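>>> quick one, structure for this:
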Amino acid sequence: MFDIAYAAEAASEAAASSVSLFTDRNLYVSITMFAGAAMPALSIGWIGSKSVEAIGRNPEAAAKIQTAMVLSVAFAEAIAIYSLVVSLIIKFV
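As a prediction, this is how the structure comes out:
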């Protein structure tokens, strides 16, 4: 037989378990970590390729180009560390 109390209990459990995808913090953490890893990685690769191209065109300026390249890579890595901090804040706060 059909029990009304059982049906009401099952409906309330289903409503409680149907949490929206956008209320899950782990989704935001994973998006932040992905963007924080992918974008600096792409930019470091781009910086490296352009600096090698510039050194190939003008080998006498290699010291100046390398200094600017190292600073640019350091700033890109700092952005990756910032995204790690933001994702940890999202996760634990």
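>>> low-confidence ranges in the chain?
Screening the chain residue by residue with the criterion pLDDT under 70, one finds the ranges 1-22.
>>> following the single longest helix found in the chain, which helix or strand shows up next?
Secondary structure of the chain per DSSP state H: the longest helix is helix 25-57. Per DSSP states H and E, helix 25-57 leads on to helix 62-92 as the next helix or strand towards the C-terminus.
>>> that following helix vs helix 25-57, what angle?
Here the directions of helix 62-92 and helix 25-57 differ by 180 degrees (axes from the mean of the first three to the mean of the last three CA atoms, to 10 degrees).
>>> what comes up buried for helix 62-92?
Using 16 or more other CB atoms under 10 Å as the test for burial, helix 62-92 gives 65, 69, 72, 73, 76, 80, 83, 86, 87, 90. No exception for glycine: its C-beta is placed from N, CA and C like everyone else's.
>>> give me the neighbour count for the residue nearest to the third one when sequence neighbours are not counted.
If the residues on either side of it in the chain are set aside, residue 72 comes closest to residue 47, at 4.9 Å by CB to CB, 6 or more residues apart in numbering. Each residue near residue 47 was counted by other CB atoms under 10 Å, and the total is 19.
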